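Engineer: need a structure here:
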Amino acid sequence: MWWLLGVIGALQLYFVRELLAAFALFVMGFLAVAGVIISLYTLHRAWAVTVDRVADSRHPVVVAVRHGIYSVEELARRPFRRPGSEQPAN
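Structural biologist: Numbering: from 1, shown residues only. So this is what the prediction gives:
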């Protein structure tokens, strides 16, 4: 009877260890996923702050790039045909 109780107790301890090991593995997996998500969020926020600072900058290079972008947008808004030209007849 004592042998049977000892074996049952040992089996219970073994299952408890296995459950704790599985729980530890799940915790490490969730921590890894959370770490990746937090690092991506941090990189995104840093990128947004950097872009805002560059956009507000008065540095000559930034002003020249902004002027170039405005010039390209202005060209994109112009019509392809001259204002007095007519549509071809179908």
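Engineer: avg pLDDT for the helix or strand hosting Leu20?
Structural biologist: Leu20 is part of helix 2-56, with elements assigned from DSSP states H and E. Helix 2-56 shows a mean pLDDT of 91.
Engineer: gap between Ser39 and Ala48?
Structural biologist: Noted for Ser39: a distance of 15 Å to Ala48, by Cβ to Cβ, to the nearest Å. Where C-beta positions appear, they are placed from N, C-alpha and C, glycine not excepted.
Engineer: One more: Met28?
Structural biologist: 31 Å.
Engineer: does Arg58 sit in a helix, a strand or a coil?
Structural biologist: Here Arg58 is recorded as coil under DSSP: H, G, I helix; E, B strand; the rest coil.
Engineer: Next, count neighbours for it.
Structural biologist: Number of residues near Arg58 (other Cβ atoms under 10 Å) recorded here: 6.
Engineer: So what does it have for phi and psi?
Structural biologist: With angles defined as degrees, to the nearest 10, Arg58 sits at phi -110, psi 20.
Engineer: ditto for the one 4 residues further on
Structural biologist: Val62 has phi and psi values of phi -70, psi -40 when expressed as degrees, to the nearest 10.
Engineer: now His59
Structural biologist: Torsion angles, degrees, to the nearest 10, at His59: phi -60, psi 140.
Engineer: Could you report the separation of it from Thr50?
Structural biologist: Relative to Thr50, and taking Cβ to Cβ, His59 is found at 14 Å.
Engineer: Val36 too?
Structural biologist: Distance from Val36 to Thr50, by Cβ to Cβ: 21 Å.
Engineer: Then Leu11?
Structural biologist: Per Cβ to Cβ, Leu11 is found 58 Å from Thr50.
Engineer: mind checking pLDDT for Pro83?
Structural biologist: 63.
Engineer: no, scratch that, I was asking about Glu86
Structural biologist: 68.
Engineer: In this protein, which residue is most central in space?
Structural biologist: Relative to the mean C-alpha position of the chain, the nearest C-alpha, by Cα atoms, centre = their mean, is the one of Leu40, at 4.5 Å.
Engineer: what's the spacing between that one and Met28?
Structural biologist: Leu40 sits 19 Å away from Met28, going by Cβ to Cβ.
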